[in-house]
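[1] Just a sequence and a predicted model for now, questions to come.
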Amino acid sequence: MDTIASLFSFITTPVSWVIVQFHKLYGALFGDDTGWAWGLSIVSLVVLIRICLIPLFVKQIKSTRNMQVLQPKMKAIQERYKNDKQRQSEEMMKLYKETGTNPLSSCLPILAQSPFFFALYHVLSAIASGKTIGVIDQPLLDSARQAHIFGAPLAAKFMDSEEKVQALGASLTDVRVVTAIMIVMMSASQFFTQRQLMTKNVDLTVKTPYMQQQKMLMYIFPVIFAVMGINFPVGVLVYWLTTNVWTMGQQMYVINQNPTPGSKAQDQYLNRLLKSVTAHGEVRGRTRRNTVKRIVSKGPDRNDIERKFITGLGKLGLAAQEDGTVEKSEAAVLEAEGGAAAKRQQPKRQTKAQRHTAATGPATTKGSGTTDSEPKTSLEKQDASQDDKPKQAGKPAASGSSRQAKSGQRKGPQRPKHPSKK
């Protein structure tokens with residue numbers, strides 16, 4: 001553990017300095033030795049780090065979406081060059097370069113947080129051991145050791161012995177109850193964050209192995225956090241719970257304001273946007289105008305959700321413009337109504353029997369006295385012409401009903417069968 005801590009020693013001093021500065025602020029409000037002062041200092045450290053990581057988070061969102069879009073193409077490359085791994089890798093890198101996608105971008109926020117996480121872990125471990133570290137001198141060390149969060153010392157762990165917990169001025173029961181609750185909350189927030197991403201912000205029309213991997217991670221990550229959490233000090237649990245809650249809220253905002261095309265979240269977002277346009281007659285807000293602008297620029301490549309949105313604008317007598325605004329347009333109304341009418345006027349598919357009846361059914365003869373109730377088929381005309389011919393001797397005339405050829409039989413005189421086949 002000392003070897004790992006030494007790798008992050010370069011950031012231990014800055015982390016401890018930030019905690020001490022926030023402790024001075026909250027100590028003036030709640031008292032220097034209270035758990036509120038030290039706990040809120042750790043929460044503020046998380047907020048400060050996550051604000052600095054917002055650009056990386058935006059890259060992560062873009063990379064994740066690009067990876068989802070590229071999954072069908074990646075799968076095609078894998079199947080095409082399944083026997084040539086080198087060519088497969090070259091084609092993958094070429095695809096990433098053409099689309100500007102970096103697979104590692106989705107891991108950037110976690111990688112960027114890792115040094116701060118291990119530095120904080122080392123600081124709290126030093127406090128639990130009674131050692132000064134960074135800018136935390138002996139008076140600050142004594143203050144931190146006296147700080148309790150709901151009865152659990154800041155540096156206590158779930159797996160600590162009763163003697164070590166009593167040395168920090170607490171009971172083992174309080175420590176385990178508080179840490180267990182925080183571990184459950186930490187795992188639950190991780191699960192909800194991943195589930196929110198999978199159920200709302202994924203293009204449901206694309207089924208790829210990437211989606212299956214993300215679904216597996218939705219269940220694996222909470223278990224990993226629960227197993228690792230029993231070895232984290234209370235202060236680290238506060239840090240990780242805060243960053244999970246921040247991630248969940250940040251992701252919820254991104255999903256609501258800039259959802260993935262083709263996802264359930266996009267359908268909900270465009271429905272809200274259509275209601276806003278209906279109420280105000282215009283697109284309000286730069287973000288919403290940019291959304292409409294992107295939909296217009298897609299042209300015929302729009303998905304079903306975006307086409308439904310354009311049709312909804314047409315029913316309101318509005319047409320989306322290239323700059324993201326909407327204007328009155330009679331052509332949009334006619335196009336929307338024409339599309340709906342075309343759907344309503346589509347003829348029903350007929351069965352085979354109905355098509356056969358329509359082809360051989362009754363027909364009205366112009367200029368004659370025949371009606372639909374007295375049809376005269378082409379077969380009857382042929383029979384009538386045969387009646388006008390002289391009858392052959394020795395052969396009685398057949399009745400009209402017997403002269404009509406049955407379905408599947410040859411019309412006209414039949415060749416006599418061979419005597420052996422009688």
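    Nice, thanks for sending it over. Numbers count the residues shown, from 1 in each chain.
[2] While we're on Ser6, how confident is the model there?
    For Ser6, the pLDDT comes out at 60.
[3] Please enumerate the strands of the protein.
    For the chain, the strands defined by DSSP state E occupy 148-149, 152-153, 318-320, 326-328.
[4] Generate JSON lines for these, with mean neighbour count and mean pLDDT as supplementary columns.
    Placement of C-beta: from N, CA and C, glycine included. Formatted as JSON lines, the strands of the chain follow (neighbours: other Cβ atoms under 10 Å; pLDDT from 0 to 100):
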{"stretch": "strand 148-149", "mean neighbour count": "22", "mean pLDDT": "89"}
{"stretch": "strand 152-153", "mean neighbour count": "28", "mean pLDDT": "90"}
{"stretch": "strand 318-320", "mean neighbour count": "22", "mean pLDDT": "89"}
{"stretch": "strand 326-328", "mean neighbour count": "14", "mean pLDDT": "88"}
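[5] a markdown table please, covering those and showing distance to Trp36.
    Shown next, in a markdown table, are those (distance: least, Cβ to Cβ, whole Å):
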| stretch | distance to Trp36 |
| --- | --- |
| strand 148-149 | 8 |
| strand 152-153 | 13 |
| strand 318-320 | 52 |
| strand 326-328 | 51 |
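[6] And those: which comes nearest Arg284?
    Proximity to Arg284 (Cβ to Cβ) singles out strand 326-328 among the strands of the chain, at 10.8 Å.
[7] Which secondary structure elements does that closest one sit against?
    Helices and strands touching strand 326-328, by 3 or more Cβ pairs under 8 Å, 6 or more residues apart in numbering; DSSP states H and E, are strand 318-320.
[8] Which strands border the strand it packs on, and is each parallel or antiparallel?
    As defined by DSSP bridges, the strand partners of strand 318-320 come to strand 326-328 (antiparallel).
[9] which one of the strands of the chain lies closest to Leu48?
    Closest to Leu48 of the strands of the chain is strand 148-149 (Cβ to Cβ; 19.8 Å).
[10] List the strands paired with the closest one, with their directions.
    Using DSSP bridges, the strands paired with strand 148-149 are strand 152-153 (antiparallel).
[11] how many neighbours does Tyr239 have?
    Other residues within reach of Tyr239, judged by other Cβ atoms under 10 Å, total 23.
[12] Now do the same contact list for it.
    Contacts here follow Cβ atoms under 8 Å, 6 or more residues apart in numbering; on that basis Tyr239 touches 42, 45-46, 117, 120.
[13] pLDDT weak spots in the stretch 301-422 of the chain?
    Regions of the stretch 301-422 of the chain meeting the criterion pLDDT under 70 cover residues 332-352, 358-422.
[14] residue ranges with poor pLDDT in the stretch 151-300 of the chain?
    Those would be 202-214, if you go by pLDDT under 70 across the stretch 151-300 of the chain.
[15] show me where it has helices.
    Assigned by DSSP state H, counting those that start in this stretch, the stretch 151-300 of the chain shows helices spanning 162-167, 172-200, 209-229, 234-257, 264-280, 286-298.
[16] Looking at those, which is nearest to Pro14?
    Comparing those against Pro14 with Cβ to Cβ, the closest turns out to be helix 234-257 (15.2 Å).
[17] so the closest one versus helix 264-280, what angle?
    Going by axes from the mean of the first three to the mean of the last three Cα atoms, to 10 degrees, helix 234-257 is angled at 60 degrees with respect to helix 264-280.
[18] Contacts made by stretch 164-175 with the rest, please.
    Outside stretch 164-175, the residues that touch it by Cβ under 8 Å, 6+ apart are 128, 145-146, 148, 150-153, 155-158, 160-162, 234.
[19] wait, which of these is closest to Ala180?
    Distance to Ala180, by Cβ to Cβ, is smallest for Phe158 among the contacts of stretch 164-175, at 6.9 Å.
[20] how deep is that closest one tucked in, by neighbour count?
    Using other Cβ under 10 Å, Phe158 has 21 other residues around it.
[21] same deal with Thr193?
    Using other Cβ under 10 Å, the number of residues around Thr193 comes to 20.
[22] In space, what's closest to it - neighbours in sequence excluded?
    Met248 (4.5 Å; Cβ to Cβ, 6 or more residues apart in numbering).
[23] which residues sit in contact with that neighbour?
    Each residue near Met248 by Cβ under 8 Å, 6+ apart is listed here: 189, 192-193, 196.
[24] on that earlier part again, quick one: which of the contacts of stretch 164-175 is nearest Arg176?
    Using Cβ to Cβ, the contacts of stretch 164-175 come closest to Arg176 at Phe158, 5.7 Å.
[25] Is Glu154 in contact with Leu237, as I believe?
    If you look again at residue 154, you'll see it is Leu, not Glu. No. Counting by Cβ atoms under 8 Å, Leu154 stays clear of Leu237, with 10.1 Å between them.
[26] ok, back up a step: most tightly packed of the helices of the stretch 151-300 of the chain?
    Across the helices of the stretch 151-300 of the chain, the average number of neighbours (mean count of other Cβ atoms under 10 Å) peaks for helix 234-257, which reaches a mean of 20.
[27] Let me have the helices of the stretch 151-300 of the chain in CSV, extended by distance to Gly100.
    What follows is the helices of the stretch 151-300 of the chain, written out as CSV (distance: least, Cβ to Cβ, whole Å):
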stretch, distance to Gly100
helix 162-167, 52
helix 172-200, 22
helix 209-229, 18
helix 234-257, 19
helix 264-280, 22
helix 286-298, 17
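[28] Out of the ones you listed, the one nearest Ile54 is which?
    Closest to Ile54 of the helices of the stretch 151-300 of the chain is helix 234-257 (Cβ to Cβ; 8.0 Å).
[29] If I take that closest one and helix 172-200, what angle do their directions form?
    Using the same axes, to 10 degrees: helix 234-257 against helix 172-200 is 20 degrees.
[30] Name the nearest residue to Ala188, ignoring sequence neighbours.
    In this structure, Ala188 finds its nearest non-sequential neighbour in Pro222, 7.2 Å apart by Cβ to Cβ, 6+ apart.
[31] what sits against that neighbour?
    187-188, 190-191.
[32] rerun that using 10 Å as the cut-off
    The contact partners of Pro222, by Cβ atoms under 10 Å, 6 or more residues apart in numbering, come to 183-184, 186-195.
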